[in-house]
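In: need a 3D model of the sequence below.
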Amino acid sequence: MSAGTDEPAPTGRRVRVVNPLVEASSRSPRSVRQEIDESTTIGELYVRSLVRSQLRAALTVVATVLLLVASLPLVFVLVDDVTTARLLGVPLPWLLLGVAVYPVLIVVAWLYVRQAERAEQDFAGLVEQHDQEL
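Out: Predicted coordinates for the structure are as follows:
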């Protein structure tokens, strides 16, 4: 070798070269739980699918609440009878904004929790099913 070459000097250590297909088949199959715990690509894919389904449910809740609550001032502006109406001596807009909104929010929140729990149960079932197949 000449002094001007960029080749590394031999270290004297042996390097083991293996066929990746043979090595992969000799390993025991990994469970999904191991994949998730070790944050491998497959584990991240599973977790990302769970997060995506929960995000979809959260965005649905936000859109529903915004549609319902934000539409009330529009109704008050467009329909004069609503703003002048009274129920038991209390203006109807006050009842709608101060009382009627909360049961709607509670129902929407309850539906969101049910959907999030269902997504988690589906995720756990998928993990269990995949681990049983291995």
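In: now the spatially most central residue of the chain: which helix or strand?
Out: With distances taken as CA atoms, centre = their mean, the residue of the chain nearest its centroid is residue 51 (1.8 Å). Taking DSSP states H and E as the criterion, residue 51 maps to helix 41-78.
In: what mean pLDDT does that helix have?
Out: For helix 41-78, the mean per-residue pLDDT is 88.
In: C-terminal to that helix, what's the next element?
Out: helix 80-84.
In: contact partners of that next one?
Out: 75, 76, 91, 92, 93 (CB atoms under 8 Å, 6 or more residues apart in numbering). Bear in mind the C-beta positions are built from the backbone N, C-alpha and C, glycine included.
In: can you name the two of the residues you listed that sit furthest apart?
Out: 75 and 91 (13.6 Å; CB to CB).
In: between those two, what contacts are shared?
Out: When contacts are counted by CB under 8 Å, 6+ apart, residue 75 and residue 91 are jointly contacted by no residue.
In: more crowded one of these two?
Out: Legend: neighbour count by other CB atoms under 10 Å for residue 75 and residue 91, higher for residue 91 (15 against 12).
In: confirm for me that that one is in contact with residue 97.
Out: No - using CB atoms under 8 Å, residue 91 is not in contact with residue 97, being 9.8 Å away.
In: who touches residue 87 in this structure?
Out: So residue 87 contacts residue 95 (CB under 8 Å, 6+ apart).
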